[in-house]
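>>> Just need the structure, nothing else, for what follows:
(2 chains)
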Amino acid sequence: MSKQFWKFATCLILLCGLASSLAHAAERIVVSVPGPRNISYLPIDLIPKIGADKAENVQIQLLHTGGGAVALNNLMTRNADFAVAGVPAAMSLKANGGEVTVVAPVDDAPLFVLMVRAGLKGKVKRIADLKGKVIGVNTSTKSSKTTSQQLAELLLKSGGIASDEVRIVPAGQSWEEQSSLLITSTADAVMGDEPFASRLLADGQVFFLANLAEPETVKGIAGSNFLHAAIETRNDLIQHAPQKVEKMVRMLTRTLHWIATHRPEEIVDTLGVSDPDERNSLLLSLKKYPHAFSKDGKFSTSQLKETDVFFHAGNADNPKALALRIENMTDDRWAGRKK
Amino acid sequence: MGRPQKIVTRRRSIAQQAALRLAFSLGLLMLLVGLTTALIYRIALNKAADERIESLTTFLSVRLSELERDWELNTRDLRVRIEHTRILEQANNFTPQLQAYLTIQGGGRRYSHLIVQDKNRQTLFAFGRDYANLAKALNGKEPGNWLLDQASGELYRVFTEQIWLGDKGTGTILALFPINNALLFQLTMPGVLLTSLHHGQKIASSEGQIGLDMPQVPQAAGAKLETREIPWGYMDNNPTTLMAQTPVKGLFSPLELSLGVSAVPLLDGLILWFTLGIWLMANARRIKTLGVAVQEFSDQQAVTPRLKEQIASAKQGKQDEIDEVASAVESMAVSTVKHEQEIQRYRENLEVLVRERTRDLEAAQQTLVRAERLAALGQLTATVSHELRNPLASMRPSLQVIKRKLPDAEDKARQAIDRIERNITRCDQIIEEMLDFTRIRDLTLAPVALDSWLTETLADQKAPEGIRIVREFGLGDLQVNLDPDRLRRAVINVFDNACHAMEERRMQETGNYQPQLTVSTQRGDEGRVEIEFVDNGPGMPEEVLAHIFEPLFSTKGFGVGLGMPTVKQIMEQHGGGIAVRSQTGQGTQVILWLPDITATPRPGTPQEEGE
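As a prediction, the model looks like this:
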């Protein structure tokens, strides 16, 4: 064998090795999401649990935050490639100049509960009774108002309470945050998420004043069937790394399909929730809200219209917000669209 | 003037060469200016980038110091506020209180995690997302300045403060500040990529995950990437640095740069073209025109209108070297033509001169030949005359004796004796003629009234019967220098020839022929004195006329052919000459002419003198 042959063979082997290593190098995707184990964002927590990321040769990293607005802030400040937040919060950011685009829906129904600490039982019977109270809502940022805050303001407004007649404090979106506020009476009421609300209810720590899943509550809320949790990203990432968006949407779709085809117990088991109370409350919530998540990961045109209505109702005093349309910040090329 | 030999070579006009050289120099100029500009531009960019990165390094160092100070104060402030709430002094279940206290601070807090440890470094409380790993990592250990969460890859700057725990004494509060993408994103500025490194490992990037994924900062081809690493804080053996990278960002796009770089040499080229190129091409055309003019002159060998036009075109009214050369060419052409004409004239004159000299030489040769012949004839004549005269002289007395002895001789004998006597006389005359022709004497000139002298001379001549002699003398008393004896011989010879000719014609013609000889004198051209004899004899053909002056040439049945040569000899001795015109059947005209009366006759030719 000539020297040239061995040189050629060596180069070939090195090239094959390089190609192989490149093919197997997982792409890192960082997702900032409220939680953990907040039911509205549960599909995101499930992605690494069911191996949807590995199926896409992706190494996903979840940055849990105290609210959608903080998640969006992580997105904007390059801490994350994607944010999972309520679409109204993303629209708020967009209205304030944030270049954010919604690429896939996560939820099918918004799940919010206005819960009041048990010590006020009998004193607070309706929303109007919250006047002068301390209300905890998911943490907002300077540039973005969270969905729960927008919803809280709408609810308070429906109860005849002006925004300056209550004190709003950040509540976070984890069990520790929301429960600590109510247990320690730091807040009188919290616009809480599931399953934390159900767990506190089960513990007798709170009672529900309003539940967005109940028709009685949504009666006075315009656009109450708005699109809540969705995957958002930056325009520059869409431009420079569209493959990341494609993989992210495929991971979500795969996970949503997995949720749709698995029982709540399997979901909870897969999440690896060890605390019995947390497990029970989560299980309860999953059973209570079977239509919480999108089934197919496709955008719904009617739901997007509802979202516009909700956002405009909650930001009626903001001309930029009123001029914004969700369609203008939605890119459905990966997720698809349905009526 | 000989034409220049044309050398067949590949012709390249000077205009073409000038254009090529100009184009080459312009191209070279453009290339060099372009390269130089690009080089200067690149150096300027690099220098700007160097300065920028230096300023940036200083700025970031200051910013990091401020950040460290801010975090330190933030931790101290947090410790004070928590102590103020006295939450930690509650021995039982202070966790929800502290959790709520921290929760309501919302997104405004700068730390991401807060950990409270007792005096044994055991964790009493932890706040923040996914804190379990961090709390475990810090449990029971002396906290350092940095904490790297191996699970998430997050790096935290750790600030520690002593905090009062009530009955549990003094514990420690640890505030963890994330060194994440968001922090670097807020620290950076456009065009600068910040990357935090911990023990050389990339932790966070101002460009987010994309920045961490990038093997290197994208930069334009050939552009320089300025990189500086800034220590994060002033601690010893600091494992964390902030790497600032800024590509040498072009001020212009490639298109703008290309246009800009090419604009300068292009403008230079245009300026060069308009200032030098056009001038050079115009002068090259002038030189070419000059060349055409020279070619025109070479072809035509004359100052043609086209030549003048080309010269004028080459001059273009400018007073420069080309104008001088054009003027020189024009002068040279004019001068050459003039010299050529002169040479032509010289050549023609030379030909005339050569012809004249040739004619003179031929005449001299003929004269020489004739002189030689005459010399031979003279010698022969002298010998023959001497040898014949003696017998003739003895014959004549003998004949007288015979006549006396035979006075009654028969007629036939008397006739024979008379015939002998006539022939002896005739022989004497021949000898006399030959001697007269060959023995040339010097003239004895004397002024003579020609008409009177001629009248007497003709009167002494006896013309044959029937021939009419007409005299038409027109000179009056004009005195002419001449030798009367010699001129008489000439006149008599011409007179006798005319008479003999007319006699001959009369003998041949049967008609009514009246022979007449007209002798006249007159002044001819240039003051000549002419004696003209015109007869109406038979005339002479051309071939005879051509030889009448040759000695010994005769058409008569008698004589030795020396009459006309003697006449010619005598007239030439007088400085004059003889002219004969004759027409067959019409007669002959003979003119004896003498030069102006004031002229002095030539003394004689060399051979004559020799004789």
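>>> How far does stretch B:226-242 sit from its chain's centre?
78 Å (Cα atoms, centre = their mean, to the nearest Å).
>>> Pull out the buried residues from that stretch.
By neighbour count on 16 or more other Cβ atoms under 10 Å in any protein chain shown, the buried set for stretch B:226-242 is B:226, B:228, B:230, B:232-233, B:239-242. C-betas here are computed from N, CA, C, even on glycine.
>>> Over to stretch B:445-455?
B:445, B:448, B:450-451, B:453-454.
>>> Quick one: list the elements packing against the longest helix seen in chain B.
In chain B, taking DSSP state H as the definition, the longest helix is helix B:321-405. Other helices and strands packing on helix B:321-405, by 3 or more Cβ pairs under 8 Å, 6 or more residues apart in numbering or on different chains; DSSP states H and E, are helix B:278-300, helix B:305-315, helix B:411-438, helix B:606-610.
>>> rerun at 6 Å
Packing contacts for helix B:321-405, counted by 3 or more Cβ pairs under 6 Å, 6 or more residues apart in numbering or on different chains; DSSP states H and E, involve helix B:278-300, helix B:305-315, helix B:411-438.
>>> Which of the buried residues of stretch B:445-455 fall within helices?
Short answer: the buried residues of stretch B:445-455 in helices (DSSP H) are B:450-451, B:453-454.
>>> Quick check: of the residues you listed, which lies closest to residue B:487?
residue B:453 (8.1 Å; Cβ to Cβ).
>>> Kindly state the pLDDT recorded for the closest one?
Note for residue B:453: predicted pLDDT of 92.
>>> so how far is residue B:426 from residue A:194?
As defined by Cβ to Cβ, to the nearest Å, residue A:194 lies at a distance of 190 Å from residue B:426.
>>> higher neighbour count, the two?
The residue with more neighbours, out of residue A:194 and residue B:426, is residue A:194; 24 against 12, by other Cβ atoms under 10 Å in any protein chain shown.
>>> ok, how many other residues are close to residue B:551?
21.
>>> Might one say that it is in contact with residue B:566?
No - using Cβ atoms under 6 Å, residue B:551 is not in contact with residue B:566, being 8.7 Å away.
>>> elements contacting the helix or strand hosting residue B:24?
Under the criterion of DSSP states H and E, residue B:24 resides in helix B:14-85. Applying 3+ Cβ pairs under 6 Å, 6+ apart, we find helix B:14-85 packed against strand B:155-164, strand B:170-178, strand B:225-231, strand B:240-247, helix B:254-272, helix B:278-300.
>>> What residues sit buried inside the last one?
Within helix B:278-300, the residues that qualify as buried by neighbour count (16+ other Cβ under 10 Å) are B:280-281, B:283-290, B:292-294, B:296-297.
>>> and it with helix B:254-272, angle?
Interaxial angle, helix B:278-300 versus helix B:254-272 (axes from the mean of the first three to the mean of the last three Cα atoms, to 10 degrees): 50 degrees.
>>> Quick one: work out the angle between helix B:278-300 and helix B:305-315.
Per the same axes, to 10 degrees, the angle that helix B:278-300 makes with helix B:305-315 is 160 degrees.
>>> chain center to helix B:278-300: distance?
7 Å.
>>> can you check the second one too?
Centroid separation for strand B:170-178 versus its chain: 99 Å, with Cα atoms, centre = their mean.
>>> Next to chain A, which bits of the stretch 101-250 of chain B? Give me the list.
Counting by Cβ under 6 Å from any Cβ of the partner chain, the stretch 101-250 of chain B comes close to chain A at B:103-104, B:106-107, B:129, B:180-182, B:185, B:208-209.
>>> Could you tell me the per-residue confidence at residue A:25?
Note for residue A:25: predicted pLDDT of 74.
>>> That should have said residue A:119, apologies.
For residue A:119, pLDDT reads 94.
>>> Helix, strand or coil: sort out the nearest residue in space to residue B:552 that is not next to it in sequence for me.
Leaving aside its chain neighbours, residue B:552 sits nearest to residue B:561 (4.3 Å; criterion: Cβ to Cβ, 6 or more residues apart in numbering or on different chains). Put simply, residue B:561 is coil when judged by DSSP: H, G, I helix; E, B strand; the rest coil.
>>> quick revisit: after the helix holding residue B:24, which helix or strand is next?
helix B:95-103.
>>> Export that next one to CSV, keeping only CA atoms.
Written as CSV, here are the backbone C-alpha positions of helix B:95-103 (Å, rounded to 0.1, in the frame of the first residue of the first chain):
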residue,chain,number,x,y,z
THR,B,95,-39.8,29.7,55.9
PRO,B,96,-43.2,30.8,54.6
GLN,B,97,-42.7,34.3,56.1
LEU,B,98,-39.4,34.7,54.4
GLN,B,99,-40.6,33.1,51.2
ALA,B,100,-43.6,35.5,51.1
TYR,B,101,-41.3,38.4,51.9
LEU,B,102,-39.0,37.6,49.0
THR,B,103,-41.8,36.7,46.7
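>>> next helix or strand past that helix?
strand B:113-117.
>>> And for stretch A:305-312, what's in contact with it?
Stretch A:305-312 is touched from outside by A:87-88, A:91, A:222-223, A:225-227, A:322, A:325-326, with contacts defined as Cβ atoms under 6 Å, 6 or more residues apart in numbering or on different chains.
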